[in-house]
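Engineer: could you work out the structure for the sequence below:
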Amino acid sequence: MSIDFLDAIPVLPYEDIRAAHDFLVDVIGLDSAGLLEHDGRVIHGEVRAGESRFWLHESAGGLTSPKGVGVRTGGIVLHVADVNAHFERVRATGATILREPSDEDYGQREYAVRDPEGHDWYIATPFPSPAS
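Structural biologist: Below you'll find the predicted structure:
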């Protein structure tokens, strides 16, 4: 049985949703899809990379950021047209670079950056396919 999925939205927990949103927009270059506040506190945020959405959720209800537990269990890969240009832009902001751009055996050139709460973001440009 095939299911027609319409979308997948990763939910990323943060202790400070506004700061995370601003980092992802201002440093990584994602598009803002807004912040939702209640009683002066940000309770939800959304950013977009092309058609892909990411929900920024408060660290609550069993969800916590890597900062909250001191471990990382995954990462997010974003494909861009020019990984080297993106790297230079992000490095100029003083963000925490984990690894400079390198060619990977699995078909892309990538670098890694950590956001302020410990989520790892891998920014990459896929290699052209051999048939290109």
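Engineer: setting aside sequence neighbours, what's the nearest residue to E37?
Structural biologist: The shortest distance from E37 to any non-neighbouring residue, by CB to CB, 6 or more residues apart in numbering, is to I43 (6.8 Å). The C-beta positions use only the backbone N, C-alpha and C, and glycine is treated the same way.
Engineer: how many neighbours does the one you found have?
Structural biologist: Neighbours of I43 under the rule other CB atoms under 10 Å: 14.
Engineer: right, and it touches R18 too?
Structural biologist: No. In this structure, I43 is not within contact of R18 by CB atoms under 8 Å, at 10.5 Å.
Engineer: ok so, going back, ok, then the element right after whichever helix or strand the residue nearest to E37 is part of?
Structural biologist: Secondary structure from DSSP states H and E places I43 in strand 41-49. Per DSSP H and E, the first helix or strand lying C-terminal to strand 41-49 is strand 52-58.
Engineer: what is that following strand packed up against?
Structural biologist: On a contact count with 3 or more CB pairs under 8 Å, 6 or more residues apart in numbering; DSSP states H and E, strand 52-58 meets strand 11-14, helix 17-23, strand 41-49.
Engineer: so what strands line up beside it?
Structural biologist: In the sheet, strand 52-58 lines up against strand 11-14 (parallel), strand 41-49 (antiparallel) (DSSP bridges).
Engineer: what's next to that strand, contact-wise?
Structural biologist: By CB atoms under 8 Å, 6 or more residues apart in numbering, the residues outside strand 52-58 that reach it are 7, 9-15, 17, 20-21, 24, 30, 33, 42-48, 63, 76.
Engineer: if we use 10 Å, what do you get?
Structural biologist: Contact partners of strand 52-58, identified using CB atoms under 10 Å, 6 or more residues apart in numbering, comprise 7-18, 20-21, 24, 30-31, 33, 35-36, 41-48, 63-65, 76, 78-79, 119.
Engineer: selection in ChimeraX covering whichever of those residues are buried, please.
Structural biologist: Remark: buried members of these, expressed as a ChimeraX selection using 16 or more other CB atoms under 10 Å:
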select :12,13,14,16,17,20,21,24,30,35,42,44,45,46,47,64,65,76,78,119
